[in-house]
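Undergrad: everything below, folded, please.
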Amino acid sequence: AGLRRVMEETKSACYQGWHFALVVLVVAVGALYFPCALLLETVNFNMRGLLESKLGSYAAFPNSATSETGREITLRRCILVMFGMHRPDLGLELPRIQQGIFTETGVAIYSRQVRFISKVLLAGVSQASWVDDEYSLLAIS
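TA: Next comes the predicted model:
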C-alpha cells in the first residue's frame, strides 16, 4: 500500500529492478546529451563555426599535423569543449562573420541557450501530472 508503483495497474515498484536500470540509463545518457545539444544550439548548428571557435584564449579544436582534417577532432576534445564552455574563466568564443546589419552580437549565444533550455523545460512540464497530491514529472519509457 505504501510502496510507489510505476503504473497503478502493474506490480512493478518504483526505482527497483528494471525501472531502476532505466532511470540510471536515462540519467547517464542525459548527462551527455544535454551538454552536447546545448553546444550545438550555441553554435547554431554551424560546424565550421564550432571548429574555428575558441575556448578561452585557445582554439577549441587546435590544428594538428597528424590529422587528415588538419584539426584535432577527437571525442576527448569534444567533451572538453562541451563541458568547458560553461566555465566562467573559459567560455566559448565563436568567430564573428561580418554580414552587415545582420552580424550577430555576443548576446545571440545566450539567447540560443535560453531558447534551448526553455524547450527542455516546456517538454518536461508538458509531461507533468498530479500524483499523490504532488506535482511530479513522469518519465515516459
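Undergrad: phi first, then psi, for residue 18.
TA: Residue 18 adopts backbone torsions of phi -70, psi -30, taken as degrees, to the nearest 10.
Undergrad: and for it, the neighbour number?
TA: As a burial measure, residue 18 scores 10 neighbours (other C-beta atoms under 10 Å). Where you see a C-beta, it was placed from the backbone N, CA and C, and this is true even at glycine.
Undergrad: and what of residue 111?
TA: Count around residue 111 with other C-beta under 10 Å applied: 11.
Undergrad: mind checking how far it is from residue 96?
TA: The gap separating residue 111 from residue 96 is 16 Å, by C-beta to C-beta, to the nearest Å.
Undergrad: mind checking pLDDT for residue 27?
TA: Looking at residue 27, its pLDDT reads 90.
Undergrad: give the contact list for residue 89.
TA: Residues near residue 89 by C-beta atoms under 8 Å, 6 or more residues apart in numbering: residue 56.
Undergrad: for residue 44, give me its contacts.
TA: By C-beta under 8 Å, 6+ apart, the residues touching residue 44 are residue 112.
Undergrad: count residues in the vicinity of the nearest residue to residue 92 once chain neighbours are set aside, would you?
TA: Among residues not flanking residue 92 along the chain, residue 85 sits closest, at 3.8 Å (C-beta to C-beta, 6 or more residues apart in numbering). Using other C-beta under 10 Å, the number of residues around residue 85 comes to 22.
Undergrad: any idea how far residue 85 is from residue 126?
TA: Counting by C-beta to C-beta, the separation of residue 85 from residue 126 is 28 Å.
Undergrad: same question for residue 94.
TA: Distance, residue 94 to residue 126, using C-beta to C-beta: 31 Å.
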